[in-house]
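Student: fold the following and give me the result.
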Amino acid sequence: MEKSKGYVQKACDVPVKRYCQTLELKNDPQLIEEYVKRHSELHHWPEIVEGIRSVGILEMEIYLLGTTLFMIVETPLDFEWERAFNKLAELPRQSEWETYMSIFQQADSTATSSEKWTLMDRIFHLYEKK
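Tutor: Numbers count the residues shown, from 1 in each chain. Below you'll find the predicted structure:
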């Protein structure tokens, strides 16, 4: 889809909270191209997607600008970040995926997802009128 047309969002049946994270890729166009390919619908690892869903994540999106990745994670309101990502780190193939992804990322090859990705602070939203 052309980015200037926007991206349709999945509707959730429950109120959600959103987490935003960032991570840097290695500055190598071939590695970045392969990283994008490995996250495509055709080439992703189904076990990783299943694991993400199994810990309670409703939606996850990754955006790319140059070497900077930006991830949005949407969860139910009762989602507990640390507990979920500790569980995710223990799921089959997750550590293999993280090690493989470290080829592309500016990150330690032994780091878990929650150790590599940095949670961001929200500094603005469309405030409600009072």
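Student: what's near enough to touch residue 74?
Tutor: Residues in contact with residue 74, defined by C-beta atoms under 8 Å, 6 or more residues apart in numbering, are 12, 16-19, 57-60. Backbone N, C-alpha and C define where each C-beta goes, glycine included.
Student: could these go into CSV alongside secondary structure, neighbour count and distance to residue 34?
Tutor: Output for the contacts of residue 74, formatted as CSV (DSSP: H, G, I helix; E, B strand; the rest coil; neighbours: other C-beta atoms under 10 Å; distance: C-beta to C-beta, whole Å):
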residue, secondary structure, neighbour count, distance to residue 34
12, coil, 12, 31
16, strand, 14, 31
17, strand, 13, 32
18, strand, 11, 28
19, strand, 17, 26
57, coil, 19, 24
58, coil, 17, 28
59, strand, 16, 24
60, strand, 15, 20
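Student: so which of the residues you listed comes closest to residue 39?
Tutor: Of all the contacts of residue 74, residue 39 sits closest to residue 60, with 10.4 Å by C-beta to C-beta.
Student: return the distance of the nearest residue to the closest one once chain neighbours are set aside relative to residue 99.
Tutor: Residue nearest to residue 60 in three dimensions, not counting chain neighbours: residue 73, with 5.2 Å by C-beta to C-beta, 6 or more residues apart in numbering. Applying C-beta to C-beta, to the nearest Å, the value for residue 73 to residue 99 is 21 Å.
Student: give me the more crowded residue out of the two.
Tutor: Between residue 73 and residue 99, counted using other C-beta atoms under 10 Å, the more crowded position is residue 73 (23 against 13).
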